[in-house]
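1. give me the fold of what follows.
(2 chains)
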2 protein chains.
Amino acid sequence: METDSNGLEVLDRAECLRLLSHGSLGRVAVSMSALPVILPVNYLLDGELILIRTGAGTKLAAAARNAVVAFEVDEGDPIGHTGWSVSVTGTAKEITDRDDLERIATLPLPHWAPNGVGHVIALSTDLVTGRRIPYGHARHRATD
Amino acid sequence: METDSNGLEVLDRAECLRLLSHGSLGRVAVSMSALPVILPVNYLLDGELILIRTGAGTKLAAAARNAVVAFEVDEGDPIGHTGWSVSVTGTAKEITDRDDLERIATLPLPHWAPNGVGHVIALSTDLVTGRRIPYGHARHRATD
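-> Predicted structure coming up:
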């Protein structure tokens, strides 16, 4: 098991994509008014693309258009302090092709916001890194 | 109840800080090698500062030093599709004052990584925004 300098298990791309395929809630980091902000999004892994549904005319839609954005999914158990995270950096593009949109409409791609149904953004998974907390690591060590 | 253009309830600063005070796992967005990336971090709200523990010499420590960074905490119930998120944009500074570090050592500030015990970063809560999904919003509307 490969570990990084923080003592976390390093996950390979295949394992990262497998973990991404099981999740539905992620976060994207975009720049709004020249300031970074992280927003929660529902997503679906479609092949090696991350599909995100967002409302028409939202700041997210504008910020993520043809931009390099960061995306992250994690799962943590705060009691046992086990968990993993997968971080993606890729290029976001809005899907406008009618055939693509019709196919995506049949996929179980949820949306975070009640009105967030208008646009679909596809994020490439160019850079994918993942970490897992090794089993048995004690969480609270306030006196370290 | 104020809602935004996405139909999400808008949370005020006091409610955002209250929600932040209950969490322990958040995410920060930083720039590494000129690319954005989101990383999970354990944190503690100390007054109106977000304290994050990180390993000595990590990329996170370097990237978050005196930088404007984004931070986010959310909680979602994927079954009922209820949830909230709080997004923070602020300036990160490493805490180096010995008295401050001694006081922080007594706080229940966990760390995500086994070896991540070396440095404490304080993030100001200059910009805080929060959203909550209104009760009763149906999650899956793939045919929208």
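2. just the strands from chain A, written as ranges.
-> Along chain A, the segments classed as strands by DSSP state E run A:9-11, A:25-32, A:35-46, A:49-54, A:68-77, A:82-94, A:119-124, A:127-132.
3. export the ones you listed to CSV and append columns for mean pLDDT and distance to B:Gly90.
-> For the C-beta atoms, the positions are set from N, CA and C on the backbone; glycine is no exception. Output for the strands of chain A, formatted as CSV (pLDDT from 0 to 100; distance: least, Cβ to Cβ, whole Å):
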stretch, mean pLDDT, distance to B:Gly90
strand A:9-11, 94, 30
strand A:25-32, 88, 14
strand A:35-46, 90, 10
strand A:49-54, 89, 25
strand A:68-77, 88, 18
strand A:82-94, 92, 21
strand A:119-124, 90, 26
strand A:127-132, 94, 24
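4. would TSV of those with distance to B:Gly55 be doable?
-> Formatted as TSV, the strands of chain A follow (distance: least, Cβ to Cβ, whole Å):
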stretch	distance to B:Gly55
strand A:9-11	15
strand A:25-32	21
strand A:35-46	21
strand A:49-54	28
strand A:68-77	18
strand A:82-94	15
strand A:119-124	29
strand A:127-132	12
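5. tabulate the ones you listed (JSON lines), appending mean neighbour count.
-> Shown next, in JSON lines, are these (neighbours: other Cβ atoms under 10 Å in any protein chain shown):
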{"stretch": "strand A:9-11", "mean neighbour count": "16"}
{"stretch": "strand A:25-32", "mean neighbour count": "22"}
{"stretch": "strand A:35-46", "mean neighbour count": "22"}
{"stretch": "strand A:49-54", "mean neighbour count": "24"}
{"stretch": "strand A:68-77", "mean neighbour count": "21"}
{"stretch": "strand A:82-94", "mean neighbour count": "20"}
{"stretch": "strand A:119-124", "mean neighbour count": "21"}
{"stretch": "strand A:127-132", "mean neighbour count": "20"}
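6. I'd guessed A:Thr54 sits against A:Ala63; true?
-> No: when contacts are counted by Cβ atoms under 8 Å, A:Thr54 is not listed as touching A:Ala63 (9.9 Å).
7. the top helix by length along chain A and chain B in contact?
-> Looking across chain A with DSSP state H, the single longest helix is helix A:13-22. No: applying Cβ under 8 Å from any Cβ of the partner chain, one finds helix A:13-22 separated from chain B by no less than 11.2 Å.
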